[in-house]
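*Asks:* Sequence first, then the predicted structure, then my questions.
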Amino acid sequence: METTTVTTTIDARGMPCPGPLMSLIGAIRQGQVDDVIEVLSSDDGSKTDIPAWVAKAQHELVEVVPEDGYARFRVRKVR
Amino acid sequence: MSGVPARIVVLGGGVGGTLVANLLDKRLGKDAAITVVDPTGMHDYQPGYLYLALNGANAHWLSRDERTLLRGGVDLAIEEAVRIHPDAGTVQLARGGSLAWDYLVIATGARLVYDEIPGLAEGSHGFYSLTEAERLRAALRTFSGGKIVIGVAGIPYKCPPAPVEFAMLLEEHLRDRGIRDRSEVVLASPLNRAFTIESASKIVQPIMRERGIQLETFFNVESVDPSAGIVSSLEGDKLEYDLLVLVPPHRGQDVISDSNLGDAGGWIPTNRSTLNAGGYERVFALGDATDLPISKSGSTAHFEAPVIASRIASLILGTAPAENYGGRVMCFLETGNGKATVLRFDYEHPPVPPEPSRGWHMAKWIFNRAYWETVPQGRLPDRAPGTMPKEVVR
């Protein structure tokens, strides 16, 4: 099974919306092309906000992994 | 308690630092020797910059000598702190020497970082400092029509409602001057809505539509090209402008990073309930300086200050610290046309803002006027931190 190599993990659990998305945007700003940023979020709003922003900014949502009480959003910086 | 007074050093003479110092002096009297350390010795009422930029406030009204706001028992050192040594219990000062403390309160606020965004300093105006607000007021006086773009160049930033308020008040200002039909007002938001808090967006977005204020979503400013009059976003969009009004990126103060007490943004890791900073029992942080996931605003500092004062007093008097911060914030949001709404929330309860009304606008105006005589001295009546008004808890 192919696994994604995560470059940076941001633990935004407990952070209210829009904290997890803004943390992701900050990491994308600082990161390099092809980096995979993983955001851990327990906020329901992230389920719509993060995919919507990733699509708008033309990056790649690699996967969303549901966990107990939170989800892992893995995003590749494309440009 | 008797004997040698406890030494308390408060870094920063803004709303949080001033209020903590005054509350501690009131509570402890001769049991504490309190010193506020501030590099300027002046206290600014920052919410007033918005009104100044739109010609609705006088600069003299927005600044006071910090000494006049502190109780007689509190010392003021007009000094810049350059290093904090939590283990040694000292603060090193820029002009030499150091101050020893038994308890430290860090209320150093945020700094504005213009050089993180190419072209920002040269190409944009703002209202996040007195100088910027005065420059924007001058630019608006000569503005005779065109496209004004308002945006945010980084999160977190102080006073989250301010860009929306500015857009609303600016639109009214242009109407009053008879140049609205020759002007476009665009609010470029970093999110997919006008405001960070969803319930507040639901109130302000219909008003923006009604007034013809355009909303550009997911626009995180990446660069400004002043010669072309174009602002570009991280998402790959571009907006042309005749006048650009941006909130600059914010970071914690250098003293925090230089003391290895901050995270990557220079914000101090702070316990969300006790407000202890960096895991130190006798060090506390409040206001804009913390990393807490809550608004950076004077209101936040206002509600945090009594918690810190109570906990330090308990430690000094030998009682168990009992008071916790519940994330309480209250702020007004001006919607123009003489109306405003109010946002009251805490960690557990998102705001349920009422429909904008003249009453809340008047309340904001009275608060602006009454600030100097009430907030820094702790005279404003307050309910216990963590409790919420009825319309929020439902």
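*Replies:* Received the coordinates, thanks.

*Asks:* list the buried ones in stretch B:361-370?
*Replies:* For stretch B:361-370, a neighbour-count test (16 or more other Cβ atoms under 10 Å in any protein chain shown) marks B:361, B:364, B:365, B:367, B:368 as buried. All C-beta atoms are positioned from the backbone trio N, CA, C, and that covers glycine.

*Asks:* For these, give me JSON lines that also has pLDDT and secondary structure.
*Replies:* Conversion of the buried residues of stretch B:361-370 to JSON lines gives the following (pLDDT from 0 to 100; DSSP: H, G, I helix; E, B strand; the rest coil):
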{"residue": "B:361", "pLDDT": "96", "secondary structure": "helix"}
{"residue": "B:364", "pLDDT": "94", "secondary structure": "helix"}
{"residue": "B:365", "pLDDT": "93", "secondary structure": "helix"}
{"residue": "B:367", "pLDDT": "93", "secondary structure": "helix"}
{"residue": "B:368", "pLDDT": "92", "secondary structure": "helix"}
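
*Asks:* Now do the contacts for residue B:240.
*Replies:* B:147, B:228, B:229, B:230 (Cβ atoms under 8 Å, 6 or more residues apart in numbering or on different chains).

*Asks:* hang on, I meant residue B:136
*Replies:* B:53, B:125, B:126, B:127, B:245.

*Asks:* same deal with residue A:11?
*Replies:* residue A:40.

*Asks:* pLDDT score for it?
*Replies:* Confidence at residue A:11, expressed as pLDDT, is 90.

*Asks:* Show me what it bridges to in the sheet.
*Replies:* Beta-bridge pairing of residue A:11, defined through DSSP bridges, involves residue A:40.

*Asks:* ok, now how distant is it from chain B?
*Replies:* In this view, residue A:11 and chain B are 12 Å apart by Cβ to the nearest Cβ, to the nearest Å.

*Asks:* Does the nearest residue to residue B:345 once chain neighbours are set aside lie in a helix or a strand, and which?
*Replies:* Of all residues not flanking residue B:345 in the chain, residue B:351 sits nearest, at 4.1 Å (Cβ to Cβ, 6 or more residues apart in numbering or on different chains). Residue B:351 belongs to no helix or strand when assigned by DSSP states H and E.

*Asks:* one step back: now the buried members of the contacts of residue B:240.
*Replies:* B:147, B:229, B:230.

*Asks:* Of those, which is the nearest to residue B:300?
*Replies:* residue B:147 (33.9 Å; Cβ to Cβ).

*Asks:* host element of the closest one?
*Replies:* strand B:146-152.

*Asks:* Any buried residues in that strand, and which?
*Replies:* Neighbour-count burial for strand B:146-152 [16+ other Cβ under 10 Å]: B:147, B:148, B:149, B:150, B:151, B:152.

*Asks:* go on, stretch A:11-24?
*Replies:* By neighbour count on 16+ other Cβ under 10 Å, the buried set for stretch A:11-24 is A:12, A:15, A:16, A:17, A:18, A:19, A:20, A:21, A:22, A:23, A:24.

*Asks:* Among the contacts of residue B:136, which one lies nearest to residue B:376?
*Replies:* residue B:127 (22.3 Å).

*Asks:* Does that closest one touch residue B:50 like I think?
*Replies:* Yes: between residue B:127 and residue B:50 there is a contact under Cβ atoms under 8 Å: 5.4 Å.

*Asks:* out of the two, which sits in the busier spot?
*Replies:* residue B:127 (28 against 23; other Cβ atoms under 10 Å in any protein chain shown).

*Asks:* Now do the contacts for the more buried one.
*Replies:* B:49, B:50, B:52, B:53, B:133, B:136, B:162, B:166, B:245.

*Asks:* Return the set of buried residues in stretch B:28-36.
*Replies:* Those would be B:28, B:31, B:32, B:33, B:34, B:35, B:36, for stretch B:28-36 by 16+ other Cβ under 10 Å.

*Asks:* cool, and stretch B:244-257?
*Replies:* Buried residues in stretch B:244-257, counted by 16+ other Cβ under 10 Å: B:244-253, B:255-257.

*Asks:* give the contact list for residue A:55.
*Replies:* Applying Cβ under 8 Å, 6+ apart, we find residue A:55 in contact with residue A:61.

*Asks:* ok, now how distant is it from residue B:192?
*Replies:* From residue A:55 over to residue B:192 the distance is 11 Å, taken as Cβ to Cβ, to the nearest Å.
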